[in-house]
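Enquirer: model the structure of this input:
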Amino acid sequence: MDWSQYSIPPMRLEARFGDRVVPAFCERPASVWAMIAEAAAGHPDGEALVCGGRRMTWREVAQQSAQIAAGFRKLGLQRGDRVALLVSNRIEFVLAVSAAAYLGLVSVILSTRQQKPEIAYVLTDCGAKLLVHEARLADRLPDARDVPDLVHRISVDDDPRASQFAVLADHAPLPEPAAVGEEDTAMILYTSGTTGRPKGAMLAHCNIIHSAMVYEACMELTAADRSIAAVPLAHVTGVVANIMSMVRCAGTLIIVAEFKAADYLKVAATERATQTVMVPAMYNLCLLQADFDSYDLSAWRIGGFGGAPMPIATIEKLAAKIPGLKLINAYGSTETTSPSTIMPPELTAGHIDSVGLPCPGADIIVVDADGRELPRGEIGEIWIRSGSVIKGYWSNPKATAESFTAGFWHSGDLGSIDEANFVRVFDRQKDMINRGGLKIYSAEVESVLAGHPGVVESAIIAKPCPVLGERVHAVIVTRGSDVSAEALRAWCAERLSDYKVPETMDLTVEPLPRNANGKVMKRQLREASAATWAAVRQ
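Expert: I've put the predicted structure just below:
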């Protein structure tokens, strides 16, 4: 299977980042700012941004971004300087990223969940000269002595009259945008480090443009689309799948400050939203709203999802309640500037265990521990090469050398590719459970548990065993106290091999811990469970 049934723009092989040769779109914007300028030129009066009571057209976005860029220049910033953003889901985030692109600056994206030591590390590592932050987060800012390169701090306030950021837009626009190369870094997003310090993934202009064009083509986006940003903008999904895909098609980005199912449904109905990209749990939370059927969601045509399998029960409920909604699985990462695979919507229901087909121009292989490609159907580590794969990590050649081979990024995910080209992702290498030589992929068990009507979400982790090495332990969020561990084990036993059935379970009604990117923090679950198990042994 491939994308031949879709209108994919022509591509050709091009040299990139010195030693790579990758497929690239023949006709494309030359930079992130060029893409923004195209949206403003082609649809000047088209609604670009909606957030609360604020609305902006593409002409206004381009105009204000150019003015803010002039304000950046007045502060002494030059092409290539780093501007850090500690800003949540709001219009100023988009304007700051756009203004940085105009001046050829590098936007360094920080999560508003990060604390002072984490913020200090990122600011120091990237050498940021300016930090744009929300006024409410001022107490998290590091001391000046801890961030010697940081020259300016500018706050964004809910009251425009008190906002230092708003003052930047008082300058006359510069006569023309900075000249940047396609391979120049446009953004740095720090990966959520599972071991050691986070690494700064360098997203080049060409990476972002490639991904935005992939979303546009594979989701068939147009200027008529209205996308809700329900995930954090300060994440590769938010900044690329939400912001940049709407820039590319000149559609409308509807920004919600924080995802709450009731509020999301109200905004989606009122704004006639057509597209979004969320995690499956967010769809489930929407369906759990008692008044779900009272909202007119008939305009909603594309429901992108990723990060976890979509339960079949959820797919069936959405199909019954919103017949025009097409569900599209997408798999990617910060290092791939978001999508590496996308599932054509007409194939979702028949291939629910797959994350889709390689995106146009993506070369995906599965390799063994020695880096040798495995036959179709066999499980190994997924390696990815495409026009959206980053050039490496900021000021970290060692990590870059360890994670990239001839342009292929080593994902760390275990998966397979079948004869029809469908990609399956089973687990992170570090999350796979080895029970006496039998390999258990947590995603498979979590998917089965997700189908139980009493389960909200779950996480499968390994429980140390002196005999078998590891056993299967489940942390399960239930919809109420009437769900028992015995019933859940019976549910799994009917659907899984006996060795895959969780032998021990922790049931809770509290949400699973997640990092700033929305991923379940299994390391935290392992540590908490290990402490409990140790206490029991004593």
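Enquirer: which helix or which strand is home to residue 425?
Expert: If you go by DSSP states H and E, residue 425 is part of strand 423-428.
Enquirer: in the very next helix or strand once past that strand, what's buried?
Expert: Downstream of strand 423-428, the next assigned helix or strand under DSSP H and E is strand 433-435. Neighbour counts over strand 433-435 (16 or more other C-beta atoms under 10 Å) mark 433, 435 as buried. Quick note: C-beta positions are derived from backbone N, CA and C, even for glycine.
Enquirer: now swap in stretch 49-67 and tell me
Expert: In terms of neighbour count (16+ other C-beta under 10 Å), stretch 49-67 has its buried residues at 49-51, 56-67.
Enquirer: ok, residues contacting the strand holding residue 425?
Expert: Identification of contacts with strand 423-428 by C-beta atoms under 8 Å, 6 or more residues apart in numbering yields 331, 341, 353-358, 364, 379, 382, 412-418, 432, 441-444.
Enquirer: report the distance from it to the chain centre.
Expert: 17 Å (C-alpha atoms, centre = their mean, to the nearest Å).
Enquirer: give me the mean pLDDT for it.
Expert: Mean per-residue pLDDT for strand 423-428: 88.
Enquirer: and what of stretch 353-370?
Expert: Averaged across stretch 353-370, the pLDDT comes to 96.
Enquirer: please apply the same query to stretch 278-294.
Expert: Here stretch 278-294 scores 91 as its mean pLDDT.
Enquirer: with stretch 468-484 instead?
Expert: Stretch 468-484 shows a mean pLDDT of 90.
Enquirer: with only the CA atoms kept, save it in CSV.
Expert: In CSV, the C-alpha atoms belonging to stretch 468-484 read as follows (Å, rounded to 0.1, in the frame of the first residue of the first chain):
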residue,chain,number,x,y,z
LEU,A,468,11.6,-15.4,35.8
GLY,A,469,13.4,-12.1,35.8
GLU,A,470,10.2,-10.0,35.2
ARG,A,471,6.5,-10.4,35.6
VAL,A,472,3.6,-8.3,34.3
HIS,A,473,2.2,-5.6,36.6
ALA,A,474,-0.6,-3.2,35.6
VAL,A,475,-1.5,0.2,36.9
ILE,A,476,-5.1,0.8,35.9
VAL,A,477,-7.2,3.9,36.1
THR,A,478,-10.9,2.7,36.5
ARG,A,479,-14.2,4.6,36.1
GLY,A,480,-15.3,3.5,39.5
SER,A,481,-14.7,1.3,42.5
ASP,A,482,-16.9,-1.4,41.3
VAL,A,483,-14.3,-2.7,38.8
SER,A,484,-12.2,-5.6,40.3
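Enquirer: can you give me the buried ones in it?
Expert: The neighbour-count check on stretch 468-484 (16+ other C-beta under 10 Å) flags 470-478, 483 as buried.
Enquirer: quick one: distance of it to the chain centre.
Expert: Relative to the centre of its chain, stretch 468-484 is centred 27 Å away, using C-alpha atoms, centre = their mean.
Enquirer: ditto for stretch 90-105
Expert: From the chain centre to the centre of stretch 90-105 is a distance of 19 Å (C-alpha atoms, centre = their mean).
Enquirer: please point out which parts of that stretch sit buried.
Expert: Neighbour counts over stretch 90-105 (16+ other C-beta under 10 Å) mark 90-105 as buried.
Enquirer: in helices, which of those fall?
Expert: Counting by DSSP state H, the part of the buried residues of stretch 90-105 found in helices is 91-103.
Enquirer: helix, strand, or coil at residue 444?
Expert: Secondary structure state of residue 444, per DSSP: H, G, I helix; E, B strand; the rest coil, is helix.
Enquirer: what sits closest to it if chain neighbours are left out?
Expert: Of all residues not flanking residue 444 in the chain, residue 426 sits nearest, at 6.6 Å (C-beta to C-beta, 6 or more residues apart in numbering).
Enquirer: kindly report the same for residue 298.
Expert: Take residue 298 and drop its neighbours on the chain: the residue closest to it by C-beta to C-beta, 6+ apart is residue 324, 6.3 Å away.
Enquirer: how about the contacts made by the one you found?
Expert: The contact partners of residue 324, taken as C-beta under 8 Å, 6+ apart, are 298, 300-301.
Enquirer: spatially nearest residue to the most centrally placed residue in the chain (excluding sequence neighbours)?
Expert: Compute the mean C-alpha point of the chain, and by C-alpha atoms, centre = their mean the closest residue is residue 237, 3.0 Å away. Distance criterion C-beta to C-beta, 6+ apart; nearest residue to residue 237, sequence neighbours excluded, is residue 231 at 5.2 Å.
Enquirer: confirm that neighbour sits in a helix?
Expert: No - counting by three-state DSSP, residue 231 is not found in a helix; it is coil.
Enquirer: next, give phi and psi for residue 521.
Expert: Dihedral angles phi and psi of residue 521 (degrees, to the nearest 10) take the values phi -90, psi 80.
Enquirer: er, residue 478 I mean
Expert: Per degrees, to the nearest 10, the backbone of residue 478 is at phi -100, psi 170.
Enquirer: closest to residue 260 among the buried residues of stretch 90-105?
Expert: Checking the buried residues of stretch 90-105 against residue 260 with C-beta to C-beta, the nearest one is residue 90 at 16.0 Å.
Enquirer: show me the contacts for that closest one.
Expert: Shown in contact with residue 90 (C-beta under 8 Å, 6+ apart): 51, 156, 255, 257.
Enquirer: residue 146: which of the residues you listed is nearest?
Expert: Proximity of the contacts of residue 90 to residue 146 (C-beta to C-beta) peaks at residue 156, which lies at 22.0 Å.
Enquirer: enumerate every residue touching residue 495.
Expert: 448, 451.
Enquirer: any idea how far residue 348 is from residue 301?
Expert: Relative to residue 301, residue 348 is positioned 13 Å away (C-beta to C-beta, to the nearest Å).
Enquirer: check residue 343 too.
Expert: In this view, residue 343 and residue 301 are 15 Å apart by C-beta to C-beta.
Enquirer: now do residue 161
Expert: To residue 301, residue 161 is 40 Å away according to C-beta to C-beta.
Enquirer: looking only at neighbour counts, state which of these two leads.
Expert: Per other C-beta atoms under 10 Å, whichever of residue 161 and residue 301 has more neighbours is residue 301, with 17 against 6.
Enquirer: which non-adjacent residue is nearest that one?
Expert: Sequence neighbours aside, residue 274 is the residue nearest to residue 301 in space, at 5.1 Å (criterion: C-beta to C-beta, 6+ apart).
Enquirer: so what pLDDT did the one you found get?
Expert: So, for residue 274, pLDDT stands at 98.
Enquirer: which secondary structure element contains residue 315?
Expert: Assigned by DSSP H and E, residue 315 belongs to helix 312-321.
Enquirer: now do residue 254
Expert: strand 252-255.
Enquirer: cool, and residue 331?
Expert: Assigned by DSSP H and E, residue 331 falls in strand 326-333.
Enquirer: next, the angle strand 423-428 makes with that strand.
Expert: Strand 326-333 runs at 50 degrees relative to strand 423-428, counting by axes from the mean of the first three to the mean of the last three C-alpha atoms, to 10 degrees.
Enquirer: now do the next helix-or-strand element following strand 326-333: everything it contacts.
Expert: Next along the chain after strand 326-333, taking DSSP H and E as the criterion, comes strand 338-342. By C-beta under 8 Å, 6+ apart, the residues outside strand 338-342 that reach it are 211, 214-215, 218-219, 236-237, 240-241, 328-333, 355-359, 362, 364, 384, 386, 388, 423.
Enquirer: swap in 7 Å and give it another go.
Expert: Here strand 338-342 makes contact (C-beta atoms under 7 Å, 6 or more residues apart in numbering) with 211, 214-215, 218, 236-237, 240-241, 328, 330-332, 355-359, 362, 364, 384, 386, 423.
Enquirer: so which of those are in strands?
Expert: Among these, the members found in strands (DSSP state E) are 328, 330-332, 357-358, 364, 384, 423.
Enquirer: with neighbour count added, can I get the residues you listed in JSON lines?
Expert: Output for the ones in strands among the contacts of strand 338-342, formatted as JSON lines (neighbours: other C-beta atoms under 10 Å):
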{"residue": "328", "neighbour count": "24"}
{"residue": "330", "neighbour count": "24"}
{"residue": "331", "neighbour count": "27"}
{"residue": "332", "neighbour count": "27"}
{"residue": "357", "neighbour count": "23"}
{"residue": "358", "neighbour count": "24"}
{"residue": "364", "neighbour count": "22"}
{"residue": "384", "neighbour count": "26"}
{"residue": "423", "neighbour count": "25"}
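Enquirer: having no further points to raise, I will conclude here.
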